[in-house]
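[1] sharing a model prediction with you, sequence too.
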There are 2 protein chains.
Amino acid sequence: MGTEIERKFLVAGDGWRAAALGPGQRLRQGYLAHGGGGAPVVRVRLVDDDGVLTIKGPGLLARAEYEYPIPAADALAMLETLCAPPVIEKTRTRVAHGGLVWEVDAFGGHLAGLVLAEVELAAADQAVTLPDWVGAEVTADARYQNAVLARAAAPPAV
Amino acid sequence: MGTEIERKFLVAGDGWRAAALGPGQRLRQGYLAHGGGGAPVVRVRLVDDDGVLTIKGPGLLARAEYEYPIPAADALAMLETLCAPPVIEKTRTRVAHGGLVWEVDAFGGHLAGLVLAEVELAAADQAVTLPDWVGAEVTADARYQNAVLARAAAPPAV
């Protein structure tokens, strides 16, 4: 078990592409449990061709997280048969800035147009130098949680 | 992924103890997702000192099932912090009868007094010789699903 401490921002513009640490990964993810009301989130994800099952405790900035590799065929079958549609599709690009690695998620499908950047921290009060390509912080805005986005009809209105 | 086909019965008396295939295992289990309404069940279990995470599709007699070993410390932490209380406690004893292996679950805690027997089949219409220590079949009775029992105040009234 780990505790995930993460800040999340809207992305403004394409400036992040210049600092990309490689090609993006294709992520497809769905939810066996959406959380809410203190309940855990149970997420199934395909990262390119690797399956991952993740359990997250409640919380926005900091939350317990358990992650386990699973066979890709299991992940795909769960995405297709057990997760409530639609599945989230996004491309994740790792981007270096200010000594930290950011993850920029460009969404597709029903969330096309939405781009979010996340940075994982060692402590909630860690100083972060914001890149000029991030906009408003949405860490505390539950609408931008992926388990909520999965059920949204479209990206949240900014 | 497998498909689990299982029939479940109430147990009448102690006759099964004579055919036990060994000492019972101590099971502690809780739910990250309780299922219902077509949603999957996500179960955390400690089998003696082994952790197991199980995902079950909807259904009573036959259902998709995915099972993964996880660290016991993770399972214990999830039972204590993420699963809705109370945790189910039961002793599972394997019992031979009619060429099949039955699992007899004697519940403790809030379900003390309840004893259920399950037999896993290769096909839903497989012939089964019932032992004389089983009573009414409860395969189709959702009250006897463990995810439902976990939230019950006491064993269902027979």
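    Here it is on my side, so go on. Numbers count the residues shown, from 1 in each chain, chains lettered A, B, ... in the order given.
[2] neighbours of the residue in chain A positioned nearest to chain B, how many?
    Using Cβ to the nearest Cβ, A:Ala33 is the residue of chain A that sits closest to chain B, at 3.7 Å. Using the backbone N, CA and C atoms, a C-beta is placed for each residue, glycine as well. A:Ala33: 25 surrounding residues under other Cβ atoms under 10 Å in any protein chain shown.
[3] next: A:Leu10.
    Around A:Leu10 there are 18 residues (other Cβ under 10 Å).
[4] next: A:Pro85.
    Here the number of neighbours of A:Pro85 (other Cβ under 10 Å) works out to 10.
[5] per-residue pLDDT, it?
    As summarised for this prediction, A:Pro85 has a pLDDT of 87.
[6] same question, A:Met1
    In this model, A:Met1 is scored at 67, pLDDT.
[7] A:Ile88 too?
    A:Ile88 carries a pLDDT score of 95 in this model.
[8] one more: A:Ala64?
    pLDDT recorded at A:Ala64 is 89.
[9] with just CA atoms, put stretch A:5-13 into CSV.
    The C-alpha trace of stretch A:5-13 is given here as CSV (Å, rounded to 0.1, in the frame of the first residue of the first chain):
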residue,chain,number,x,y,z
ILE,A,5,-0.3,12.7,-3.0
GLU,A,6,-1.2,14.3,-6.3
ARG,A,7,-2.0,17.8,-7.5
LYS,A,8,-4.0,18.2,-10.7
PHE,A,9,-4.2,21.1,-13.2
LEU,A,10,-6.0,22.1,-16.4
VAL,A,11,-3.5,22.4,-19.3
ALA,A,12,-3.4,25.5,-21.4
GLY,A,13,-1.7,25.1,-24.8
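[10] quick one: contacts of it?
    A:61-62, A:104, A:115-124, A:126, A:128, A:130, A:133-139, A:144, A:158 (Cβ atoms under 8 Å, 6 or more residues apart in numbering or on different chains).
[11] let's go with 7 Å and repeat that
    A:61-62, A:104, A:115-121, A:123-124, A:128, A:133-139, A:144, A:158 (Cβ atoms under 7 Å, 6 or more residues apart in numbering or on different chains).
[12] got it, and stretch A:149-158?
    Contact with stretch A:149-158 is made by A:10, A:30-31, A:34, A:88, A:110-111, A:113-114, A:143-144, as judged by Cβ under 7 Å, 6+ apart.
[13] now do stretch A:18-34
    Here stretch A:18-34 has contacts from A:39-48, A:78-79, A:82-84, A:87-97, A:146-147, A:150-151, B:32-33, B:40, B:42, B:55, using Cβ under 7 Å, 6+ apart.
[14] could you pick out the longest helix of chain A?
    Counting by DSSP state H, the longest helix found in chain A is helix A:72-81.
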